[in-house]
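Peer 1: whatever this is, show me its structure:
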Amino acid sequence: MHRSRRRVVVTGMGLIAPTGLGVAELFASQVAGRSGVRPITLFDARNFPTRIAGEVTGFDAGAFIPDPHRYRHCDRGTLFALAAAHQAVAEAGLAPGRGDPTRRGVYTAAEGGGGHFSPLVRAIALAVTESGALDTGRFFRAAQTRFDSGAELEQEAERMAGHLAAEFEFDGPNMTCQTACAAAAQAIGESAELIRADEADVMLAGGAQCMIHPFGVTGFCRLTALSKRNDAAERASRPFDRDRDGFVLGEGAGFVVLEESEHARRRGANILAELTGYGTTADAYRMTDPPPDGRGAAGAMRLALRDAGLNADQIGYVNAHGTSTPAGDAAESRAIRTVFGPAADRLAVSSSKSMIGHLVAAGGGVELAICVMALRNGVLPPTINYETPDPDCDLDYVPNQAREVAVVHVLSNNFGFGGQNVSLVVSRWSGG
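Peer 2: Have a look, this model is predicted:
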C-alpha cells in the first residue's frame, strides 16, 4: 500500500435495508442466509410481470431522525439516507460544532425524484380521455390539486446531499453522482480521493434509493431485467445459479464516514477498516449489457488493486456485483478469472444481492458495510439460492452457508447500466 499519501479509514457506518435497519442487524441476516424478498406492498403490482421486491419493512423515520417533520416533503429514499447517515455519524462520534465544518463534506449517490412519481401518474390518468388522448387542460387542473411545491423541489437529485450537509453541519465539498448501480461505490471512491488530495478530512459518502414504484418497476420490466419468480419470492434472486432469470429490485440506503487516518486518531475515533483501493472504468459497450469478456469490470478491479498496492492473491474475499442476470453474472465471473488468474480457484466470492435484492444507487454503500463487517468478524456471507452450477460461472460462490475465514483485504464490485464499473478495496486497519 502507498504509505506516503494520506490514508483513508472508515470510522462510521449506517444502513437501511430489506433485512436490517442497521449494520449489525443486516450482517446477522446475511450470515444467517435470510432473504428479504417478498411480494410488493408499496403499490398494487398485481398486473405487473414482476410482483416481488426487497422492500424495507418496519421503518420509522422518527426512530433515526431527530426532527422528521422537517423532511415531510422528502421521498422515501431521502428518509432512508438521513436514517443511515445518522447511524454512521453517530458511530464515528462526529458531534456538530466540533472541528472545522469546512473540512467535512458529503458525497451522495441518487437518481432523484422516484418517490414523487405517484402524483404525476394520477394526474396523467385523470387527463386521459375516453379515446385515449391526453387532455392537457385536464392534466394541469389535476396537477394543481395534486402536486406539492415542496415535493417538487425534492425531485432534483442533489437535494439529498444538501439535506445531509445541513443536518450535520458539513460545510465542505458537497457532490452527487448518478452512475446508476455503481453510484454509491463511486461516491465512496471519489470521497477517498478528496481526502487524499487534502480537500477534506471527513466525508460522509454513500447512497440511497427506492425504485419500488410503478415507473421504476415498469422500466425494468420493459428491459426484461427482473426475475419473474413471483411464486417463489425468497428464491428469486439467485446469482451465478444456472437457472437465474433476472435481478430482484431492492431499496434502502448505505453510508460510511471516511476520514483521514491521523485526523481520526487525534480525536480518538474507533477505526473500523482502511479504504485502500479504488478503481473505475467504463465499458463503452452497450447500455444494459456488459461485454461478454467483462473487460470493463476487469479493468476496475485491476485499478483498485494497483491503487491499494496489492497483488491479486492478497485478496481474501470478493463481494460480487452478482445481480442474478444471465449476462452480468457470467461476465463478472470471467472478469474475476482474468484478474485473479490461478488465485481465482482459491478465492471466495459471494453476492449479498441474493438476500436483499439490487438496491441500485444504494447498493455500493450497503455492500461496502457488509465487506467491513466480514473483515472484522472473520465471516463471509453466502450466496443463497445457489442450487445448479453454471459452466459460465465457475468460481467458489460460498454457496448457501456462511463461512468463517479470517481475511485481511476484501474487494467490493459494483457495476451499473451504461457500463459504469467501480471496485473498492477495504483492508484490516494496521495502524502505523
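
Peer 1: ok, the closest residue to Val128 other than its chain neighbours - contacts?
Peer 2: Leaving out its chain neighbours, the residue that sits closest to Val128 by CB to CB, 6 or more residues apart in numbering is Leu134, at 6.1 Å. For every residue, glycine as well, the C-beta is placed using N, CA and C. Leu134 is in contact with 124, 127-128, counting by CB atoms under 8 Å, 6 or more residues apart in numbering.

Peer 1: which one of these is nearest Pro49?
Peer 2: Ile124 (21.3 Å; CB to CB).

Peer 1: what is the neighbour count of that closest one?
Peer 2: Using other CB atoms under 10 Å, Ile124 has 14 other residues around it.

Peer 1: and for the one 5 residues further on?
Peer 2: Number of residues near Thr129 (other CB under 10 Å) recorded here: 9.

Peer 1: how is the protein partitioned into domains?
Peer 2: Using automatic domain parsing, the domain ranges for the chain come out as 32-113+154-427, 118-150.

Peer 1: mind putting those in a markdown table, distance to Glu25 and mean pLDDT included?
Peer 2: Output for the domains of the chain, formatted as a markdown table (distance: least, CB to CB, whole Å; pLDDT from 0 to 100):
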| stretch | distance to Glu25 | mean pLDDT |
| --- | --- | --- |
| domain 32-113+154-427 | 10 | 96 |
| domain 118-150 | 29 | 80 |
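
Peer 1: tabulate the ones you listed (CSV), appending distance to Ala17.
Peer 2: Shown next, in CSV, are the domains of the chain (distance: least, CB to CB, whole Å):
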stretch, distance to Ala17
domain 32-113+154-427, 4
domain 118-150, 23
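
Peer 1: so which of these is the most surrounded?
Peer 2: When the domains of the chain are scored by mean count of other CB atoms under 10 Å, the highest mean neighbour count falls to domain 32-113+154-427 (a mean of 22).

Peer 1: counting contacts, what elements does the helix or strand that contains Arg337 pack onto?
Peer 2: Under the criterion of DSSP states H and E, Arg337 resides in helix 326-340. With contacts taken as 3 or more CB pairs under 8 Å, 6 or more residues apart in numbering; DSSP states H and E, helix 326-340 sits against helix 295-308, strand 409-416.

Peer 1: mind giving me the packing neighbours of the following helix or strand past the last one?
Peer 2: Of the helices and strands lying after strand 409-416 in sequence (DSSP H and E), the nearest is strand 420-427. Contact analysis of strand 420-427 by 3+ CB pairs under 8 Å, 6+ apart lists helix 183-196, strand 273-282, helix 295-308, helix 363-377, strand 409-416 as its packing neighbours.

Peer 1: now the angle between strand 409-416 and the helix holding Arg337, please.
Peer 2: Here helix 326-340 runs at an angle of 140 degrees relative to strand 409-416 (axes from the mean of the first three to the mean of the last three CA atoms, to 10 degrees).

Peer 1: show me what stretch 59-79 is in contact with.
Peer 2: The contact list for stretch 59-79, computed with CB under 8 Å, 6+ apart, reads 16, 21, 80, 82-83, 86-87, 110, 113-116, 148, 150-151, 153-154, 159-160, 163, 208-210, 251, 253, 362.

Peer 1: next step: those residues restricted to strands.
Peer 2: Judged by DSSP state E, these include 16, 208-210, 251, 253 as members of strands.

Peer 1: mind listing what Asn377 touches?
Peer 2: Phe27.

Peer 1: can I get the helices and strands packed on strand 420-427 in CSV including distance to Arg265?
Peer 2: Below are the helices and strands packed on strand 420-427 laid out as CSV (distance: least, CB to CB, whole Å):
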stretch, distance to Arg265
helix 183-196, 14
strand 273-282, 12
helix 295-308, 20
helix 363-377, 18
strand 409-416, 21
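
Peer 1: between the ones you listed, which one is closest to Asp392.
Peer 2: Closest approach to Asp392 among those is made by helix 295-308 (14.5 Å; CB to CB).

Peer 1: can you pull the contacts of Glu167?
Peer 2: Contacts of Glu167 (CB under 8 Å, 6+ apart): 82, 85-86.

Peer 1: the same query, at a cut-off of 7 Å, please.
Peer 2: Leu82 (CB atoms under 7 Å, 6 or more residues apart in numbering).

Peer 1: ok so it is a helix residue?
Peer 2: Yes. Secondary structure of Glu167 (DSSP: H, G, I helix; E, B strand; the rest coil): part of a helix.

Peer 1: of the helices and strands packed on strand 420-427, which is nearest Cys177?
Peer 2: helix 183-196 (5.1 Å).

Peer 1: quick check, Arg122 in contact with Arg146.
Peer 2: Yes. When contacts are counted by CB atoms under 7 Å, Arg122 is listed as touching Arg146 (5.9 Å).

Peer 1: can you tell me how far Gly14 is from Ala81?
Peer 2: For Gly14, the distance to Ala81 (CB to CB, to the nearest Å) stands at 10 Å.

Peer 1: need the overlap of contacts for those two.
Peer 2: Residues touching both Gly14 and Ala81 by CB under 7 Å, 6+ apart: Phe255.

Peer 1: farthest-apart pair in the ones in strands among the contacts of stretch 59-79, please.
Peer 2: Longest span within the ones in strands among the contacts of stretch 59-79, CB to CB: Ile16 and Gln209, 10.9 Å.

Peer 1: and Met13, backbone torsions?
Peer 2: phi -140, psi 150 (degrees, to the nearest 10).

Peer 1: do you know how far the residue lying closest to it once chain neighbours are set aside is from His163?
Peer 2: Of all residues not flanking Met13 in the chain, Ala369 sits nearest, at 4.5 Å (CB to CB, 6+ apart). According to CB to CB, Ala369 and His163 sit 21 Å apart.
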